[in-house]
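*Asks:* Here is my input, please return the structure:
(one chain, ligands or ions: 2)
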Amino acid sequence: MKFLEATKENIKIAASILKSKGLVAFPTETVYGLGADGLNEIAVSKIFEAKQRPTFNPLILHISSIEMLEFVATITNKKIDLLTKKFWPGPLTLILKKKDIVPYIVTSGLDTVAVRMPSNKIALDLINEFGSPIAAPSANSFSQLSPTKAKHVAKQLNGKIDLILDGGKSNVGVESTIIEVTDDTQYLLRPGGIPKEEIEKVIGKLKNKSEIKKNPNSPGQLHIHYAPNMPIRFYNEKEIIRYSDKKLGGIFFSKIKNKELFSEIKILSENGEFHEAASNLFSHLHYMESQNLDMIFVEPVEEKGLGIAIMDRLTKAVNKYK
Ligand code: TXA
Ligand code: MG
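*Replies:* Ligands and ions are numbered 1, 2, ... in the order given. Just a heads-up that it's a prediction; the model follows:
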């Protein structure tokens, strides 16, 4: 496996690996993606193998132009144009009617396809260089923490993929917001990098859809996901005393509490900014995971704006150890 800095030259190497059906982990503004040729079934099947997903789950196609979008999906709705104009490139994924060119392994047999145009320059350059949509889930092993740095990818997928392109830290830090807009109604499928309220300003109210009923294999919508490989709980002033004999990690929003009880402490954002907190979330969890701790405590954040996506990821991690 190669580990290369994302220079112009190395982006060319990455594109040629994709052309020969290989796997390339690359940075996006949300999290690192594990990319393969999105229109080739063999290439896409390698993603599932490398991630060890127990079943096939639908993937997001990453595009770099509206022409590429029209190549893979049908725009059935005026609101879609409003959304792409306002939020692309950026952390918004749209569920659209797929065209025949998209293999069913990408969509897990659904007639819809998830599409997103990332804003990260390296990601866009790679898609342009490759010249076709790149299918990419987050570059982590199934149900583990999402990667926001190249070294997080190496930790989980070392030897299982062909190349990791190192492009520094993902600046949004949580996955894209996923929405589905039909003629009759519009749904939020996953909270993420663009707050729901911002989207509602453009197209009106979004409903929550419990996708789990329709497709229980959708990992971002499972109740247990994004978990570190050690117990994690929400910080609770009263409960914490009971664990005073344990080696604890503490992740706080902006102010440290009960400092003396923790062997490792991280703060999401000193100034209490959700953007900064989201961008640090997974990297702080990876850090705690690499320390020799008994348990991680994380302080809940207020559920507004990006705080909704942060709490979505944390709740799923905590649920794993309930
Ligand atoms: O920010 C992101 O979205 C990152 C970066 C790499 O772009 N990607 C990412 O992919 O989070 P992944 O595979 O970890 O999550 C994709 C989510 C899954 O929950 C999947 O179920 C949902 O998208 N999805 C994909 N296609 C779908 C479809 N046709 N209908 C409903 N949900 C779909
Ligand atoms: Mg994921």
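*Asks:* which element follows the longest strand anywhere in the chain toward the C-terminus?
*Replies:* Across the chain, the longest stretch assigned as strand under DSSP state E is strand 92-98. Using DSSP states H and E, the next helix or strand after strand 92-98 towards the C-terminus is helix 104-107.
*Asks:* residue ranges of the helices in the stretch 1-150 of the chain, please?
*Replies:* Using DSSP state H, counting those that start in this stretch, the helices of the stretch 1-150 of the chain run over 8-19, 41-51, 66-72, 78-87, 104-107, 121-130, 150-157.
*Asks:* could those helices go into CSV alongside mean neighbour count, distance to residue 232 and mean pLDDT?
*Replies:* Quick note: C-beta positions are derived from backbone N, CA and C, even for glycine. As requested, the helices of the stretch 1-150 of the chain are arranged in CSV below (neighbours: other CB atoms under 10 Å; distance: least, CB to CB, whole Å; pLDDT from 0 to 100):
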stretch, mean neighbour count, distance to residue 232, mean pLDDT
helix 8-19, 18, 34, 98
helix 41-51, 18, 21, 91
helix 66-72, 16, 37, 97
helix 78-87, 16, 31, 97
helix 104-107, 20, 32, 91
helix 121-130, 21, 29, 98
helix 150-157, 22, 17, 96
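*Asks:* For residue 187, find the nearest of the ones you listed.
*Replies:* helix 78-87 (12.2 Å; CB to CB).
*Asks:* could I get the helices of the stretch 1-150 of the chain as a markdown table with distance to ligand 1?
*Replies:* Below are those laid out as a markdown table (distance: least, CB to the nearest ligand atom, whole Å):
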| stretch | distance to ligand 1 |
| --- | --- |
| helix 8-19 | 15 |
| helix 41-51 | 9 |
| helix 66-72 | 12 |
| helix 78-87 | 13 |
| helix 104-107 | 5 |
| helix 121-130 | 8 |
| helix 150-157 | 11 |
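*Asks:* relative to helix 78-87, how tilted is the longest strand of the chain?
*Replies:* Angle between the axes of strand 92-98 and helix 78-87 is 150 degrees (criterion: axes from the mean of the first three to the mean of the last three CA atoms, to 10 degrees).
*Asks:* same for strand 92-98, what does it pack against?
*Replies:* For strand 92-98, the elements it packs on are strand 73-74, helix 78-87, strand 112-116, strand 177-181, judged by 3 or more CB pairs under 8 Å, 6 or more residues apart in numbering; DSSP states H and E.
*Asks:* partners of that strand, with directions?
*Replies:* Partners of strand 92-98 in the sheet, by DSSP bridges, are strand 73-74 (antiparallel), strand 112-116 (antiparallel), strand 177-181 (parallel).
*Asks:* for those, which one sits closest to ligand 1?
*Replies:* Among the strands paired with strand 92-98, strand 112-116 comes nearest to ligand 1, with 3.4 Å by CB to the nearest ligand atom.
*Asks:* Please, where are all the strands along the stretch 201-322 of the chain?
*Replies:* Secondary structure of the stretch 201-322 of the chain (DSSP state E, counting those that start in this stretch): strands at 207-208, 232-234, 248-252, 264-267, 295-298.
*Asks:* Tabulate those in CSV, adding columns for mean pLDDT.
*Replies:* Formatted as CSV, the strands of the stretch 201-322 of the chain follow (pLDDT from 0 to 100):
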stretch, mean pLDDT
strand 207-208, 90
strand 232-234, 97
strand 248-252, 98
strand 264-267, 98
strand 295-298, 98
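*Asks:* possible to save those strands as JSON lines with distance to residue 195 and mean neighbour count?
*Replies:* JSON lines is the format used below for the strands of the stretch 201-322 of the chain (distance: least, CB to CB, whole Å; neighbours: other CB atoms under 10 Å):
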{"stretch": "strand 207-208", "distance to residue 195": "14", "mean neighbour count": "10"}
{"stretch": "strand 232-234", "distance to residue 195": "22", "mean neighbour count": "18"}
{"stretch": "strand 248-252", "distance to residue 195": "21", "mean neighbour count": "23"}
{"stretch": "strand 264-267", "distance to residue 195": "22", "mean neighbour count": "18"}
{"stretch": "strand 295-298", "distance to residue 195": "20", "mean neighbour count": "23"}
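*Asks:* Show me the one of these that comes nearest ligand 1.
*Replies:* Nearest of these to ligand 1, taken as CB to the nearest ligand atom: strand 207-208 at 13.6 Å.
*Asks:* Can you name every helix or strand that the closest one contacts?
*Replies:* strand 186-190.
*Asks:* Could you list the low-pLDDT ranges of the protein?
*Replies:* Under the criterion pLDDT under 70, the flagged ranges of the chain are 210-224.
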